[in-house]
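Colleague: need a structure here:
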Amino acid sequence: MAIPTPNGRVILVGAGPGAADLLTVRAVRALAAADVVVHDGLVGDEVMALIPAHARRIGVAKRRARHTLPQDQIGELLVAEALAGHTVVRLKGGDPFIFGRGGEEVAACQAAGVPVEVIPGISAANGAAASLLLPLTHRDHASMVSFVAGECRGLADQDWVGLAGKGRTLVIYMGLAGATAIADKLMADGLAPDTPVAVIERATQPQERLVTSLLADLGGLVAREAIQSPALIIVGDVATLPAQAKAIAKMKENPCPVY
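Modeller: Below is the predicted model:
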């Protein structure tokens with residue numbers, strides 16, 4: 001086994017949902033110290049602009065059925081760059097340990113004896129909820145929240161019973177391509193077709209967009225609105241709260257006349 005040089009290390013950095021000012025102070029410091037930045041394709045442009053000019057950039061974007069590098073080769077790349085004496089920042093959208101495969105990359109570094117550190121980031125769900133004033137839990141609507149990956153491979157065999165329904169919020173990552181299958185699965189498991197859903201595109205970024213409908217229309221909504229990644233699907237009564245807040249605000253701006 002190769003012996004790491006004294007200064008070689010890997011830092012997994014959560015880039016958050018997109019807005020640069022949502023990065024932690026520690027994440028900004030790690031970027032400033034980077035010799036090499038290995039980044040995902042969905043990291044926000046504002047965050048990418050913080051990478052120093054001297055740092056070498058290596059893109060390892062993942063798209064559905066099309067990966068720049070397989071996951072095991074990403075781990076090998078991180079190790080090789082660290083063994084060459086570099087400070088390697090692995091820049092990942094959201095949080096490295098929430099559907100970010102951070103655990104696999106940490107394991108690759110540990111197996112090679114490479115020092116590794118993880119700097120958490122605001123997850124896409126937290127960022128979207130805060131940006132749109134959409135609480136994932138609410139005393140009147142939801143006392144439980146679950147996070148699932150919506151990739152369709154093996155979807156039919158996954159057990160989602162109890163994850164959505166009255167008093168519960170379900171947040172689905174990577175669910176756009178399988179939106180129709182996801183809705184069918186949830187309804188087959190007993191969820192009402194008129195359950196509220198919200199789809200949030202590019203949360204916290206200038207192009208942020210919120211669209212809402214009902215569970216039975218989820219696939220149609222994604223298609224009609226031409227929603228693109230990164231996007232989240234939220235299922236549950238809390239999906240109606242942004243619209244309710246807008247309606248209340250509008251009423252306050254235009255109160256009924258007093259006769």
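
Colleague: Which stretches in the stretch 101-250 of the chain count as strands?
Modeller: Secondary structure of the stretch 101-250 of the chain by DSSP state E, counting those that start in this stretch: the strands cover 116-119, 142-149, 167-173, 196-201, 209-214, 231-235.

Colleague: contact partners of the last one?
Modeller: Translated: strand 231-235. With contact meaning C-beta atoms under 8 Å, 6 or more residues apart in numbering, strand 231-235 is reached by 124-125, 128, 134, 136, 150, 164, 169-173, 175-176, 179, 182, 186, 191, 195-203, 215, 218. Glycine gets a C-beta too; all of them are placed from N, C-alpha and C.

Colleague: hmm, back to that, winner for burial among the strands of the stretch 101-250 of the chain?
Modeller: Mean neighbour count (mean count of other C-beta atoms under 10 Å) peaks for strand 231-235 among those, with a mean of 26.

Colleague: Any idea how far that one is from the middle of the chain?
Modeller: Offset of strand 231-235 from its chain centre (C-alpha atoms, centre = their mean, to the nearest Å): 10 Å.

Colleague: again, but for stretch 177-191
Modeller: With C-alpha atoms, centre = their mean as the basis, stretch 177-191 stands 20 Å off its chain's centre.

Colleague: Please list the residues outside it that contact it.
Modeller: By C-beta under 8 Å, 6+ apart, the list of residues contacting stretch 177-191 reads 64, 150-152, 155-156, 160-161, 164-165, 170, 172, 175, 193, 195, 215-222, 233, 235.

Colleague: Separate out the buried members of the residues you listed.
Modeller: Neighbour-count burial (16 or more other C-beta atoms under 10 Å) applied to the contacts of stretch 177-191 gives 150-152, 155, 160, 164-165, 170, 172, 175, 195, 215-219, 221-222, 233, 235.

Colleague: Extract the residue ranges of the protein that are flagged as low pLDDT.
Modeller: Within the chain, the ranges that satisfy pLDDT under 70 run 1-6, 63-68, 152-153, 243-259.

Colleague: what residues go with each domain of it?
Modeller: Domains of the chain are assigned by automatic domain parsing as 9-122, 125-245.

Colleague: one step back: inside helices: which ones of the contacts of stretch 177-191?
Modeller: The helices, defined by DSSP state H, take in 218-222 from these.

Colleague: Just to check, residue 214 is in contact with residue 195?
Modeller: Yes - between residue 214 and residue 195 there is a contact at 6.6 Å, judged by C-beta atoms under 8 Å.

Colleague: picking that back up, residue 112: which of the ones in helices among the contacts of stretch 177-191 is nearest?
Modeller: residue 222 (40.8 Å; C-beta to C-beta).

Colleague: For that closest one, list the residues it contacts.
Modeller: Residue 222 makes contact with 176, 179, 199, according to C-beta under 8 Å, 6+ apart.

Colleague: How far off centre is stretch 128-143?
Modeller: Counting by C-alpha atoms, centre = their mean, stretch 128-143 is centred 16 Å from the centre of its parent chain.

Colleague: Residues contacting it, please?
Modeller: Contacts for stretch 128-143 (C-beta under 8 Å, 6+ apart): 17, 125-126, 144-145, 167-169, 171, 198, 200, 203-204, 208, 210, 232, 234, 236-239, 241-242, 245.

Colleague: buried residues in it?
Modeller: Applying 16+ other C-beta under 10 Å to stretch 128-143 flags 128-132, 134-136, 138, 141-142 as buried.

Colleague: Just give me the closest of those residues to residue 30.
Modeller: residue 130 (23.0 Å).

Colleague: so can I have CSV of the ones in helices among the contacts of stretch 177-191 showing distance to residue 55?
Modeller: Listed next are the ones in helices among the contacts of stretch 177-191 as CSV, based on distance: C-beta to C-beta, whole Å:
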residue, distance to residue 55
218, 40
219, 41
220, 44
221, 40
222, 36
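
Colleague: Stretch 178-194: end-to-end distance?
Modeller: 19 Å (C-alpha to C-alpha, to the nearest Å).

Colleague: Buried residues in it, which are they?
Modeller: For stretch 178-194, by 16+ other C-beta under 10 Å, it's 178-179, 181-186, 191.
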